[in-house]
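Engineer: got a structure for you, letters missing:
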């Protein structure tokens, strides 16, 4: 919705439903028939990327991420370190809840007051939230050093690749078939496949 609304008034092509200008700077803005479709198209693109990314992160464990990165040729050390980032996300969320409860016990009421006061109160949550993960990072570094972890060490043991399931193979085959059909249709009618507005969306 944010992407759609930010694109909507800045497309000048098409028939204008409404026209105006931004105060103080005098920049012209308008809502046109083409702009509405253009804005919805850009919003859906961003939504697709965001939803696919969220689906991947919610359905994929850090272990599977490390296996996948190793499968495409990324060194295990870098893949393992990248997977550690996703392990920290639920830990940071728990830290935020703990800090918020501790501040509320001390009398902090985050949801009360004006907007400026609410923003200022969130600073009491942000500063502890920054320093708490930093302590955990040092502990994690010490643990990796104690286990002999090194960036250029080829002796690391890799995760064992799990066997393919029948449902995964079926989904992969269906996906390849759909892509092949879309490529075939695009070669036959390139001007019609996936086009809402010619030369625009």
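Structural biologist: Arrived safely, thanks for sending. Values in this document were obtained by computation on a predicted structure and should not be read as measured data.
Engineer: so what are the domain limits for the protein?
Structural biologist: 1-59, 61-162, 163-201 (automatic domain parsing).
Engineer: quick one: the ones you listed as CSV, columns for mean pLDDT and mean neighbour count too.
Structural biologist: Every residue, glycine included, has its C-beta placed from N, CA and C. Formatted as CSV, these follow (pLDDT from 0 to 100; neighbours: other C-beta atoms under 10 Å):
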stretch, mean pLDDT, mean neighbour count
domain 1-59, 84, 13
domain 61-162, 77, 12
domain 163-201, 78, 10
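Engineer: phi, psi of residue 9?
Structural biologist: Here is the backbone geometry of residue 9 (degrees, to the nearest 10): phi -80, psi 0.
Engineer: which residue packs closest to it, ignoring adjacent ones?
Structural biologist: Computed as C-beta to C-beta, 6 or more residues apart in numbering, the closest residue to residue 9 that is not its neighbour in sequence is residue 29, at 3.8 Å.
Engineer: packing partners for the helix or strand hosting residue 131?
Structural biologist: Using DSSP states H and E, residue 131 sits within helix 115-146. Contact here means 3 or more C-beta pairs under 8 Å, 6 or more residues apart in numbering; DSSP states H and E; on that basis helix 115-146 packs against helix 76-105.
Engineer: now do the helix it packs on against helix 115-146: the angle between them, please.
Structural biologist: Inter-element angle recorded for helix 76-105 and helix 115-146: 140 degrees (by axes from the mean of the first three to the mean of the last three C-alpha atoms, to 10 degrees).
Engineer: tell me what helix 76-105 is packed against?
Structural biologist: Using 3+ C-beta pairs under 8 Å, 6+ apart: helix 76-105 touches helix 62-71, helix 115-146.
Engineer: of all these, which lies closest to residue 85?
Structural biologist: Residue 85 lies closest, by C-beta to C-beta, to one member of the helices and strands packed on helix 76-105: helix 62-71, at 8.5 Å.
Engineer: quick one: list the elements packing against the closest one.
Structural biologist: Against helix 62-71 (3+ C-beta pairs under 8 Å, 6+ apart) you get helix 76-105.
Engineer: relative to helix 62-71, how tilted is the helix it packs on?
Structural biologist: 150 degrees.
Engineer: how far off centre is helix 76-105?
Structural biologist: 16 Å (C-alpha atoms, centre = their mean, to the nearest Å).
Engineer: what of stretch 173-181?
Structural biologist: Counting by C-alpha atoms, centre = their mean, stretch 173-181 comes out at 26 Å from the chain centroid.
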